[in-house]
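>>> Got a sequence here, can you model it:
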Amino acid sequence: MTRENTNKHYSLRKLKKGTASVAVALSVLGAGLASQTEVKAEAPREVTEELVNSNPVLLNKRINKLQEDLANKEQESKETIDTLNKILDETVKDKIAKEQESKETIGTLNKILDETVKDKIAKEQESKETIGTLNKILDETVKDKIAKEQESKEAIGALKADVAKKDQANKILEASRKRTNRDLEAARNAKKATEAALADANAKAEKLQEDKQILEASRKRTNRDLEAARNAKKATEAALADANAKAEKLQEEKQILEASRKRTNRDLEAARNAKKEVEAELAKLKAEAEALKEQLAKQAQEIEKLKDSKETSPKAPEAPKAPEKPEVAPKDS
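I've put the predicted structure just below:
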């Protein structure tokens, strides 16, 4: 986050620096245009004074000097325009680079957001499946233990009924013992069988008690596992909430970057408009320079005519009329 703020401040500083450079260049160009206008306004008056008070040789020198000054001003204007174009090109390149960087940053944030959301959804789905599996295992275990307990109860009831029957048989056999030894021996054998069955029933009852204890331990373990699964679900829900908060934060940062990109586009459009204004001023300057050149050419022709008239006529030369002041196109405000 700190790095992103630093990048934003750096972009703003670059934008201010480029805008200030364009303003300085425009000021320089304005000074050049004012100087050109002053030269063009005063030049005709000075040439007129030279024609009246001096000879044609000095007038030629003055004309040459004016032409040299005009060439220098044109060179300075060209250099100023080149400097402005260079500054504007650098500003445009810098803005394009910053806009590209903003687009890449937004793309990265979107990718991170999508991956985070997908990961949290997958984890939540995995937790739901785990909880469902645990619930299914718990239900099957409880059903199985209940079925076994029911079977044990039915077996004990059958054994009790069988014991009751055997007791009744023992009573009958004991009553008829005196009647026959064979019946007595049979009764003894039946008693032994009954005792063996009772021992087996007792053993089964003990086994059933052990199974009950095992079932109780298993139930406790299942409860612990279920509690752990619930805690895991809570942790997963908390992680999902944290991921949603991070996703919202990323969305806010994305909106901030989009606003910065729009401001950069507006600044770039302003720089382009400034370049167009400079080019328009340059075109006006060139037109004024051409007008001055034509005026100087007319003056040179008049000087040549003056020379010819002096050479062919013995009369004193007649002072040439003052050249017309070239029209100066008003500058756009």
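
>>> Could you look up the SS state of Lys178?
coil (DSSP: H, G, I helix; E, B strand; the rest coil).

>>> Please name the residues that touch it.
Neighbour list for Lys178: empty [criterion: C-beta atoms under 8 Å, 6 or more residues apart in numbering]. Every C-beta, even on glycine, is put in place using the N, C-alpha and C of the backbone.

>>> Equivalent analysis for Ala205, please.
Ala205 makes contact with Ile156, according to C-beta under 8 Å, 6+ apart.

>>> Check what pLDDT it gets.
For Ala205, the pLDDT comes out at 87.

>>> try Ala232
90.

>>> repeat for Leu138
68.

>>> Equivalent analysis for Gln213, please.
90.

>>> With Pro44 instead?
On pLDDT, Pro44 comes in at 56.

>>> Could you give the number of residues near Leu282?
Leu282 has 18 neighbours, counted by other C-beta atoms under 10 Å.

>>> Using the three-state scheme, assign it.
helix.

>>> tell me which element the residue lying closest to it once chain neighbours are set aside falls in.
Nearest non-adjacent residue to Leu282, counting by C-beta to C-beta, 6 or more residues apart in numbering: Ile81, 5.5 Å away. Assessed by DSSP states H and E, Ile81 sits inside helix 56-175.

>>> helices and strands around that helix, which ones?
Identification of packing neighbours for helix 56-175 by 3 or more C-beta pairs under 8 Å, 6 or more residues apart in numbering; DSSP states H and E yields helix 2-53, helix 181-312.

>>> That one versus helix 181-312: what angle between them?
180 degrees (axes from the mean of the first three to the mean of the last three C-alpha atoms, to 10 degrees).

>>> how far is helix 56-175 from where the chain is centred?
14 Å (C-alpha atoms, centre = their mean, to the nearest Å).

>>> and if you look at stretch 164-176?
Relative to its chain's centre, stretch 164-176 lies at 95 Å (C-alpha atoms, centre = their mean).

>>> I'd like the helices and strands packed on helix 56-175 as JSON lines, with distance to Lys111 appended.
Output for the helices and strands packed on helix 56-175, formatted as JSON lines (distance: least, C-beta to C-beta, whole Å):
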{"stretch": "helix 2-53", "distance to Lys111": "16"}
{"stretch": "helix 181-312", "distance to Lys111": "10"}
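
>>> Relative to Glu151, tell me which of those wins on proximity.
Nearest to Glu151, of all these, is helix 181-312, at 9.4 Å by C-beta to C-beta.

>>> Count the residues that sit near Ile256.
Ile256 is flanked by 12 other residues according to other C-beta under 10 Å.

>>> Next one: it from Ala247, what distance?
15 Å (C-beta to C-beta, to the nearest Å).

>>> related to what we said a few turns ago, wait, the residue nearest to Leu282 sits on Val278?
Yes: using C-beta atoms under 8 Å, Ile81 is in contact with Val278, at 6.8 Å.

>>> ok now do the residue sitting furthest away from the middle of the chain, which residues does it touch?
The C-alpha centroid of the chain is most remote from Arg179, which lies 108.6 Å away (C-alpha atoms, centre = their mean). By C-beta under 8 Å, 6+ apart, Arg179 lies in contact with nothing.

>>> That one and Lys86, how far apart?
As judged by C-beta to C-beta, Arg179 and Lys86 stand 139 Å apart.

>>> cool, Lys207 as well?
Lys207 is 100 Å from Lys86, by C-beta to C-beta.

>>> Next: Ile131.
Ile131 is 68 Å from Lys86, by C-beta to C-beta.

>>> Could you tell me the least trusted of the helices and strands packed on helix 56-175?
For the helices and strands packed on helix 56-175, where the average pLDDT is lowest is helix 2-53, sitting at a mean of 51.

>>> got a list of what the residue minimising distance to the centre of the chain touches?
Nearest to the geometric centre of the chain sits Ile106, at 1.9 Å (C-alpha atoms, centre = their mean). When contacts are counted by C-beta under 8 Å, 6+ apart, Ile106 touches Lys254, Leu257, Glu258.

>>> Just the buried ones out of these, please.
Leu257 (16 or more other C-beta atoms under 10 Å).

>>> Would you agree Lys166 is in contact with Lys192?
No: if you go by C-beta under 8 Å, Lys166 and Lys192 don't touch, sitting 10.6 Å apart.

>>> Neighbour count: those two, which is higher?
Neighbours were counted for Lys166 and for Lys192 using other C-beta under 10 Å; Lys166 has more, 17 against 10.

>>> who's in contact with the nearest residue to that one once chain neighbours are set aside?
Among residues not flanking Lys166 along the chain, Thr194 sits closest, at 3.8 Å (C-beta to C-beta, 6+ apart). Residues in contact with Thr194 (C-beta under 8 Å, 6+ apart) are Val163, Lys166, Asp167, Ala169, Asn170.

>>> now Glu140: how far from Ala147?
Distance, Glu140 to Ala147, using C-beta to C-beta: 11 Å.
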